[in-house]
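Novice: The sequence and its predicted three-dimensional model are supplied below.
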Amino acid sequence: MSFIRGLFDQAKSSILIKNNVLGSVEQIRTATKRAAGSKTNNKDSAGRRLGPKAHEGHPVKPGQIIMRQRGTVIHPGENVRLGKDHTIYAVEPGYVRFYYDPFHPRRKYVGVALTKDIRFPKDHFAPNLRRFGYVPITDTALAKEAEAEKLRKEELLSPKLEKIQRRKQWVRNNRLKNFKEQVASEYKLDFGEQEMKLAAERLVNILELIENRDPLTAAKMQVTYNKLYDFKLQYRNLELSQEEFENAKQNYMNLAKKVDDAVCVSVDGVLYKSRTEEENEELKKKLLSQLETLYETEAASNEYRSKAQLLVETPGAFDLTEREQLKQQFVPKRLPLDAPGTVIKDIDLKNVPENVVVERIYDEEAGKVRIFGRPKTVFA
């Protein structure tokens, strides 16, 4: 009986302890309303269909896409190229090969094998595999069709390129004709018909090089080298004998010396009497002095631009780069405020002449706006 009473007392005390512990904990109320979902990201676009489009061993044609990807997950190997959006496409007909390169073990490559028995990667020092031994087309019609076959981009650009080429040829022919006449009439070089043609051709070739900003001396050397190399190619192709090659080489060297000593061409296609380097330097100093004097005395006059333009474009004095710098300095589109005679300080706003433009310019040093009058001739 005492044992049962003890158990009852012990159970009663444990119940009291639990009630006290639970009574000390505060009740927390949680949210029962369900939160609303976002409406900004419920739309989904169609997949981009990335991944391989031709698998291992599949035959492909030039231009056929092998892999579409974001980033270079697969790297381009042999006979394929990588587009600007990381698309890999074939440039040769063959069979797709995926492989790893021992020199880049973490990169996976894809290439196009020219035949089924070729496996990648090839040996490091092995030659590149290229297509040789095409079978000639005996049918004339099919041969012409194959020669005329072009890419779509080439077909679209062909009319424009042909027009540009015709224009260039027309300009070259006119220059040859004019130079030939001027050399014969004005400089009176004792040349025959063939030599006169070579002299005019030499001047035209020099002009085309200096138009691309080549120095005059370098252009002359390049034209001479090109002509001698043509003779060398004719000799290699057995079109000229050893004696004919030596004679042609020596004759052209003599002709080039006579032409260069007598006449030269400027960057704007004007022929002038040849000058030495010392004479050309003296001419440059003289022209620069004249430009500075003209700028100080007649910068605001109506005739200033035409006079300065003539000095800058003196034949043979300045090359194309020097001309652009001098025009920017002495013949700008709009003369600066520090140019002599370009600013009329005492201007009456009520009675402004017709040939004067009023300008309001902020003076940073004074911290206020100043009013100037400028002649219309200082503008382009």
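Specialist: Thanks, I have the structure now. Remember, predicted model here, so these are calculated numbers, not experimental data.
Novice: Only C-alpha atoms from now on, for both contacts and neighbour counts.
Specialist: OK.
Novice: buried residues in stretch 79-94?
Specialist: Under the neighbour-count criterion of 16 or more other CA atoms under 10 Å, stretch 79-94 has 79-81, 86-94 buried.
Novice: Same check on stretch 142-154?
Specialist: By 16+ other CA under 10 Å, stretch 142-154 has no buried positions at all.
Novice: Run the chain-centre distance for it.
Specialist: Offset of stretch 142-154 from its chain centre (CA atoms, centre = their mean, to the nearest Å): 28 Å.
Novice: tell me the average confidence for it?
Specialist: When pLDDT is averaged over stretch 142-154, the result is 82.
Novice: What is the neighbour count of residue 332?
Specialist: Applying other CA atoms under 10 Å, we find 14 residues neighbouring residue 332.
Novice: can you check the one 3 residues further on too?
Specialist: Neighbourhood size, residue 335 [other CA under 10 Å]: 20.
Novice: and what of residue 231?
Specialist: Using other CA under 10 Å, residue 231 is surrounded by 18 other residues.
Novice: Correct me if wrong: it contacts residue 246.
Specialist: No - the criterion here is CA atoms under 8 Å, and residue 231 misses it with residue 246 at 9.0 Å.
Novice: and which of the buried residues of stretch 79-94 is nearest residue 336?
Specialist: Distance to residue 336, by CA to CA, is smallest for residue 86 among the buried residues of stretch 79-94, at 51.2 Å.
Novice: Distance to residue 103, secondary structure and pLDDT added to the buried residues of stretch 79-94, as TSV?
Specialist: Shown next, in TSV, are the buried residues of stretch 79-94 (distance: CA to CA, whole Å; DSSP: H, G, I helix; E, B strand; the rest coil; pLDDT from 0 to 100):
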residue	distance to residue 103	secondary structure	pLDDT
79	19	coil	93
80	19	strand	95
81	20	strand	96
86	22	coil	96
87	23	coil	97
88	21	strand	97
89	23	strand	97
90	23	strand	96
91	24	coil	93
92	24	coil	91
93	26	coil	92
94	24	strand	93
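Novice: In TSV: the residues you listed, plus distance to residue 47.
Specialist: TSV is the format used below for the buried residues of stretch 79-94 (distance: CA to CA, whole Å):
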residue	distance to residue 47
79	29
80	25
81	24
86	17
87	16
88	19
89	21
90	24
91	27
92	29
93	29
94	29
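Novice: Sort out which one of the residues you listed lies nearest residue 32 for me.
Specialist: Distance to residue 32, by CA to CA, is smallest for residue 86 among the buried residues of stretch 79-94, at 50.8 Å.
Novice: ok, the closest one - contacts?
Specialist: By CA atoms under 8 Å, 6 or more residues apart in numbering, the contact list for residue 86 reads 68-72.
Novice: among the residues you listed, which are in strands?
Specialist: Of these, the ones assigned to strands by DSSP state E are residue 68.
Novice: any idea which of the contacts of residue 86 has the most stuff around it?
Specialist: residue 68 (21 neighbours).
Novice: measure it to residue 90 for me?
Specialist: Distance, residue 68 to residue 90, by CA to CA, to the nearest Å: 12 Å.
Novice: For burial, what's the neighbour tally of the residue nearest to residue 91 when sequence neighbours are not counted?
Specialist: Once flanking residues are discounted, residue 91 sits nearest to residue 62: 4.4 Å by CA to CA, 6 or more residues apart in numbering. Using other CA under 10 Å, residue 62 is surrounded by 14 other residues.
Novice: For residue 62, give me phi and psi.
Specialist: With angles defined as degrees, to the nearest 10, residue 62 sits at phi -60, psi 130.
Novice: Quick one: the helices in the stretch 101-250 of the chain, in order.
Specialist: 140-148, 152-182, 193-211, 216-236, 242-262 (DSSP state H, counting those that start in this stretch).
Novice: Out of those, flag the one nearest residue 50.
Specialist: For residue 50, the closest of those is helix 152-182, at 26.1 Å, according to CA to CA.
Novice: So which bits of that closest one are buried?
Specialist: If you call a residue buried by 16+ other CA under 10 Å, then helix 152-182 has these buried ones: 172, 175-176, 179-180.
Novice: Same check on stretch 322-332?
Specialist: Using 16+ other CA under 10 Å as the test for burial, stretch 322-332 gives 323, 326-327, 330-331.
Novice: Grab the longest strand from the chain for me.
Specialist: As assigned by DSSP E, the longest strand anywhere in the chain is strand 104-113.
Novice: From the chain's centroid, how far away is it?
Specialist: 31 Å.
Novice: so for that strand, what's the average pLDDT?
Specialist: Regarding strand 104-113, the rounded mean pLDDT is 93.
Novice: which other residues reach that strand?
Specialist: Residues contacting strand 104-113 (CA under 8 Å, 6+ apart): 73-80, 90, 92-101, 119-120.
Novice: Give me the sheet partners of it and which way each runs.
Specialist: Using DSSP bridges, strand 104-113 pairs in its sheet with strand 74-76 (parallel), strand 94-101 (antiparallel).
Novice: among these, which is nearest residue 240?
Specialist: Of all the strands paired with strand 104-113, strand 94-101 sits nearest to residue 240, with 44.1 Å by CA to CA.
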